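**Student:** predicted coordinates and the sequence they were generated for:
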Amino acid sequence: MNTRMRIQNQKDFGAGCLYMLAGVGFAIGAVGYRVGDAARMGPGWFPLWVGVLLAVIGAVIVTTSLRSGAAPEKVKRPEFSSLAWVLGAVVLFGLLLKPAGLVVSLMVLVVVSSRASHEFTWRAALTNAVLLTLFSIGVFIKGINLQLDLWPAFLG
Amino acid sequence: MELLSNLALGFETALSLQNVLYALVGCLLGTLIGVLPGLGPSTTIAMLLPITYTLQPVSALIMLAGIYYGAQYGGSTTAILVNLPGESSSVVTAIDGYQMARKGRAGAALATAGISSFLAGCVATLVLAAFAVPMAELAFKFGPAEYFSLMVLGLVGAVVLASGSLLKAVGMILLGLVLGLVGTDVNSGTARYSFGIPELTDGVNFVALAMGIFGFAEIIANVEQREHRETFTNNVTKLFPSREDFRRFIPAAARGTVLGTMLGMLPGGGATLSAFASYTLEKKLSRHTKEFGHGAIEGVAGPEAANNAGAQTSFVPLLTLGIPSNVVMALMVGAMTIHNIQPGPQVMTSNPELFWGLIASMWVGNAMLIVLNLPLIGLWVKLLKVPYRLLYPAILVFCCIGVYSINNNTFDVFMTAGLGVAGYLFARFGMEPAPLLLGFVLGPMMEENLRRALLLSRGDFGTFVDRPISLGLLIATAVLLTIVALPAVKKSREEAFQEA
């Protein structure tokens, strides 16, 4: 009666799809380079075959994840907010570092990434940001002489 | 005795003021991150790799090695007091150690863990020193075919002994292999998979990859969950174990040392595997089987000895063959290449002070660690009270500045963030990141050796089975795969990882 195909093992299904995607992608890319043969390999030979193997393994994993005998495993519903706060803070740091200097970008990094926590408070995040910025200046600028501007260019 | 003169050279290097200092820094950091749950040696070493640019190569390696075995000491503290493995290798210590703490014997458990680790560390370092020379001599007989087969064995071994699904882990290795190929091909000068981005012609940055898929993914996973656990941070009294305790735990620690020393040298082996194996062995051998799970002192001593011994002997394949057997060793390859040292058998002859200095520093480090851990236990316990919400932004700060400083380039910062997304997906789909990193490090080496082997044999794949050493390595690979595929082993393997 059950005509709709069910994904028994969601984790494996997802992993297998990722492998297939990556394998096919790398294999197609490899064909664009000179492939050559086993005795005289071009730059495309090794990535082509590794890519093909990866895609095959992905296909096997996907197939087994659909079988009714597969161990049922669900993927937990992701909380994208944590991911976004943490990685968003890192990206902001990268964007701000050159134009705004180390102090501003570190403060932004610490405060924004702290928002990811369920126990966020402004007070704790700001204190943490100030302490970590002072510590970083001590260790990285004074300690190991990293060449970084501390303040925005228009102030320096 | 050649070994003695080598060790003398080693101690001369390791006991220089500068290197003692870096060993101390490494051990302190290792203990620190071992104690803190949610921050492992892989992330820490990745975080500190950029900083080691400015150091002498010997000092850099001594410090990084100290972090690895220091974490084995620190991890046990958290396992015993909070029932949370500070380190994946302390998972089993948490079982009986935490029960001992609940019965008011936290002090004895901590001391047992510390003393066992120390004994194991000393013995394992001696084994490492003794094995290094003959292993390196063997390695000089290796041609490209042998190296290729050895890497296949190493990668398969890493998968077999790692947790989870076999096929998924193989996929991760292959993904790592192709990721390792991004960048300029040394033979043809072709920029592979660089999409016209100049930064990518140098390849995917190793530190960015390690931080993204370990560090960032770990942070996001930790932030998502909210849990509170019962801790025993206030009642650590009476450190010294009783005479009865000693009588019970010394033999267990000795067995753990032997087991860990052997398993650490296997491809894919290391601290975690050794600890699991030792716990199983102690449970089988003990006359107090019923006590296991309820605070058996052997269940603390054995695994703690084994994980430290395993951590140390896992340097054998790296230092003698140039093949990393686990992620931390892959990171050590990264550290060595930063300093233009090609890991392999030639290190011993070309940089003897580095090779023997590193080994000798492990004795120095272990001696420091027992001092750091037992009398200073109160300090580490206080650290456990630092809430994670203040800790993880600090980790991010170190990661970001570290990644940026490698090339003074913000592109690497963005790449790390992107790889963090990948790491998050991997965690969601139950894909182990460790094999990926191993594959990434070995990718270019594998391609190069395969290319050379097949060039010599004019494209004949038979070269891998015609050469006896290569054939032996491939047979070992096949045996490993068959054993794991056997239904009985498969079942108990899954159960073992389930307990973890």
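**Tutor:** Here it is on my side, so go on.
**Student:** in chain A, which residue sits closest to chain B?
**Tutor:** Relative to chain B, the nearest point of chain A is A:Ala39 (3.1 Å; Cβ to the nearest Cβ). To be clear about C-beta, it is placed using only N, CA and C from the backbone, and glycine gets the same treatment.
**Student:** can you report how many residues lie near that residue?
**Tutor:** 13 (other Cβ atoms under 10 Å in any protein chain shown).
**Student:** what kind of secondary structure is it in?
**Tutor:** Under DSSP: H, G, I helix; E, B strand; the rest coil, A:Ala39 falls in the coil class.
**Student:** quick check: phi and psi at it.
**Tutor:** Dihedral angles of A:Ala39 (phi, psi; degrees, to the nearest 10) stand at phi -70, psi -30.
**Student:** same question for A:Asn9.
**Tutor:** Dihedral angles (degrees, to the nearest 10) for A:Asn9: phi -110, psi 100.
**Student:** wait, isn't it in contact with A:Ser65?
**Tutor:** Yes - proximity of A:Asn9 to A:Ser65 meets the contact threshold set by Cβ atoms under 8 Å, at 4.1 Å.
**Student:** what sits against the residue of chain A closest to chain B?
**Tutor:** B:Leu454, B:Leu455, B:Ser457, B:Arg458, B:Gly459 (Cβ atoms under 8 Å, 6 or more residues apart in numbering or on different chains).
**Student:** ok, and the most crowded of the residues you listed?
**Tutor:** Neighbour counts for these, by other Cβ under 10 Å, peak at B:Leu454, which reaches 23 neighbours.
**Student:** can you tell me how far that one is from A:Phe26?
**Tutor:** With distances taken as Cβ to Cβ, to the nearest Å, B:Leu454 is found 20 Å from A:Phe26.
**Student:** likewise A:Val62?
**Tutor:** 18 Å.
**Student:** now do B:Val91
**Tutor:** 35 Å.
**Student:** cool, B:Asn366 as well?
**Tutor:** From B:Asn366 to A:Phe26 the distance is 44 Å (Cβ to Cβ).
**Student:** of the contacts of A:Ala39, which are in range of chain A?
**Tutor:** On the criterion Cβ under 8 Å from any Cβ of the partner chain, B:Leu454, B:Leu455, B:Ser457, B:Arg458, B:Gly459 are the entries of the contacts of A:Ala39 that sit beside chain A.
**Student:** adding pLDDT, write those residues out as CSV.
**Tutor:** Shown next, in CSV, are the ones next to chain A among the contacts of A:Ala39 (pLDDT from 0 to 100):
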residue, pLDDT
B:Leu454, 91
B:Leu455, 89
B:Ser457, 88
B:Arg458, 88
B:Gly459, 84
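**Student:** how many neighbours does B:Gly378 have?
**Tutor:** B:Gly378 - counted by other Cβ under 10 Å - has 9 other residues nearby.
**Student:** just the pLDDT at B:Thr77, thanks.
**Tutor:** At B:Thr77, the model reports a pLDDT of 83.
**Student:** residues near it, how many?
**Tutor:** Neighbour tally, B:Thr77, other Cβ under 10 Å: 30.
**Student:** now do the contacts for it.
**Tutor:** B:Thr77 touches B:Gly34, B:Val35, B:Gly86, B:Leu110, B:Ala113, B:Asn373, B:Ile377, B:Trp380, B:Val381, B:Leu384, counting by Cβ under 8 Å, 6+ apart.
**Student:** A strand includes it, no?
**Tutor:** No - counting by three-state DSSP, B:Thr77 is not part of a strand but helix.
**Student:** only C-alpha atoms, please: export stretch B:284-303 in CSV.
**Tutor:** Output of stretch B:284-303 as CSV, limited to C-alpha atoms (Å, rounded to 0.1, in the frame of the first residue of the first chain):
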residue,chain,number,x,y,z
LYS,B,284,37.0,-8.7,31.3
LEU,B,285,40.0,-9.3,33.5
SER,B,286,38.8,-7.8,36.8
ARG,B,287,37.7,-9.8,39.8
HIS,B,288,35.4,-6.9,40.6
THR,B,289,33.4,-6.9,37.4
LYS,B,290,30.3,-5.8,39.2
GLU,B,291,32.0,-2.6,40.3
PHE,B,292,32.5,-1.4,36.7
GLY,B,293,30.1,1.4,36.0
HIS,B,294,29.9,2.1,39.7
GLY,B,295,33.3,3.5,40.4
ALA,B,296,35.9,0.8,39.8
ILE,B,297,39.4,2.3,40.2
GLU,B,298,40.7,0.0,37.4
GLY,B,299,38.2,1.6,35.0
VAL,B,300,40.0,4.9,35.6
ALA,B,301,43.6,3.7,35.7
GLY,B,302,43.6,1.5,32.6
PRO,B,303,42.0,3.9,30.1
